[in-house]
Structure formats: C-alpha cells, structure tokens
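**Q** after the sequence you'll find the predicted model.
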Amino acid sequence: AQSVTQLGSHVSVSEGALVLLRCNYSSSVPPYLFWYVQYPNQGLQLLLKYTTGATLVKGINGFEAEFKKSETSFHLTKPSAHMSDAAEYFCAVSDTDKLIFGTGTRLQVFP
Amino acid sequence: DTAVSQTPKYLVTQMGNDKSIKCEQNLGHDTMYWYKQDSKKFLKIMFSYNNKELIINETVPNRFSPKSPDKAHLNLHINSLELGDSAVYFCASSRNTQGSGANVLTFGAGSRLTVL
C-alpha cells in the first residue's frame, strides 16, 4: 500500500530564508505525488503535483518539489519564505482511487 | 462561486444526537469524497462516490451514512454522535474516475463538528 512520511511536524524559518519541507513516499508502483497547503480555518489547496515527466515540478506561490526515485523523496522547497507562507503543508500519494496524506508539517515564518 | 461548498461550517451538539453535513460541488466533477481531520491535523479518507455510486468505504462505523442524491451532492449523516467524532470534516471532489491516480482533489472549507 502507498504511504507518505513527512519528517518534522513543525518547521520554523525566518522571513527570506530557504524553506525545506521533507516528504518520503512508499509505493509499489510509480507514484503520483502531491503537495497541498492548508491555511488556518480553510480547506486544502493544491500547491503542485508530480505525475510523469520532468522530476522538478513548479507550483504556485514560488514553491517547487523534486521527485527523486533513488531516495523515494518529494521534498518541497521555496528559496525565500514570506510571512504569508505560514500554514500547514501536506504531502500526499495517490492510491488508485484516493489520496493518502502525510501527517502534515506546520510552517512558521518569523519576521 | 464557491467550487466545493459545505454546510454548516460549525456544528456543536450533544452526545447521542444525529446530525448531517451537506456538500455540493459546481465543478462538474464525477467523484466526491469525505475526509476526516482529527485534532492532530491527520487527514483520513472516509468515503468516496463516483456518479452516485459508493466506491470507497474506509472501515467507518455504520453510524456514518453518506448519501449522494446526484453527482454534485454528497451529504454525510451521523447517528448517535460520540465524543470521538469531534473533528473537521472535509468534502472534496475530483474530475476523474477510478484508476486515474493523477486526480487533483478540490476541497471545501471544512465543517468543524464538536460533540459535547
């Protein structure tokens, strides 16, 4: 069965610093991978997804993620954090008919 | 226009009561889902429907009964509410049907259920 593991339930960065949120997956088939963001008291929004093709995927708000099969990873990065990036981030893998989510990483951004 | 809308946004009720949460999507999607998010933010799928047909039932107690009158609506009825049912319930929808793993889910804003 597919699964994802997000390392670090909380990540804190200063405004302008690099953001790195880690996600490792387990899948018996080539995975479809996603990152979603949840702002306070809101639903989840898609940041980006990897299906096939280019392993570096660019998403909204300056985020990107790289699919590394050899490391079974799909880490999310952003070169320069903004205060508005503070939110909960979820990595997910598609399991045929549904998405399996990781436990989430709360990103805090300090001025 | 909100793509996936859920009502109510907040629901506070006593143990043992029965309550419903409604969900509607205006995206023309074929598949709808209910996810439960617990106090630790963990998201777990409960049900999915494709064109009014139940596709996924993830070992949810039978006190939970989804109903899909048409493909744009998926309601969730909960009988005999328990303290452990307190959570945020998210409705979502996607365009594609079974086996299409690249589905992108569009989520509603959530319904926060508090059982006292």
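**A** All right, it came through fine. Numbers count the residues shown, from 1 in each chain, chains lettered A, B, ... in the order given.
**Q** state the distance from the residue nearest in space to the middle of chain B to chain A.
**A** Central residue of chain B (C-alpha atoms, centre = their mean): B:Trp34, 2.6 Å from the mean position. For B:Trp34, the distance to chain A (C-beta to the nearest C-beta, to the nearest Å) stands at 11 Å. C-beta: built from backbone N, CA, C; applies to glycine.
**Q** and what of B:Gly16?
**A** 28 Å.
**Q** touching the worst-scoring helix or strand of chain A on mean pLDDT from outside, list them.
**A** For chain A, counting by mean pLDDT, DSSP states H and E, strand A:98-101 ranks last in confidence among helices and strands (a mean of 88). For strand A:98-101, the external contacting residues (C-beta atoms under 8 Å, 6 or more residues apart in numbering or on different chains) are A:1-4, A:34, A:36, A:90-94, B:33, B:42-45, B:48, B:56, B:103, B:105.
**Q** hmm, try it at 6 Å
**A** Outside strand A:98-101, the residues that touch it by C-beta atoms under 6 Å, 6 or more residues apart in numbering or on different chains are A:Gln2, A:Phe90, A:Ala92, A:Val93, B:Leu43, B:Ile45, B:Ile56.
**Q** please identify the buried residues of the helix or strand of chain B with the lowest mean pLDDT?
**A** Least confident helix or strand, chain B: strand B:53-57 with a mean of 86, by mean pLDDT, DSSP H and E. For strand B:53-57, burial by neighbour count (16 or more other C-beta atoms under 10 Å in any protein chain shown) applies to B:Ile55, B:Ile56.
**Q** parallel or antiparallel, which strands does that strand pair with?
**A** Strand pairing for strand B:53-57, determined by DSSP bridges: strand B:43-50 (antiparallel).
**Q** hang on, the earlier thing: show the contacting residues for the residue nearest to the centre of chain B.
**A** B:Met46, B:Phe47, B:Leu76.
**Q** now the last one: how far from B:Phe47?
**A** B:Leu76 sits 8 Å away from B:Phe47, going by C-beta to C-beta, to the nearest Å.
**Q** quick one: low-confidence ranges for chain B?
**A** Scanning chain B for pLDDT under 70 picks out B:1, B:97-101.
**Q** enumerate the residues of it near chain A.
**A** B:41-43, B:45, B:55-56, B:90, B:98-99, B:101-102, B:104, B:107-110 (C-beta under 6 Å from any C-beta of the partner chain).
**Q** pLDDT at the residue nearest the centre of chain A, what is it?
**A** With distances taken as C-alpha atoms, centre = their mean, A:Trp35 lies nearest the centre of chain A, 3.8 Å away. Per-residue confidence (pLDDT) for A:Trp35: 97.
**Q** interface residues of chain A facing chain B?
**A** Residues of chain A lying near chain B (C-beta under 6 Å from any C-beta): A:32, A:42-44, A:46, A:51, A:88, A:94, A:96-98, A:101, A:103-104.
**Q** what's the most distant pair in those residues?
**A** With distances taken as C-beta to C-beta, the most widely separated pair in the residues of chain A next to chain B is A:Gln42 and A:Thr96, at 27.4 Å.
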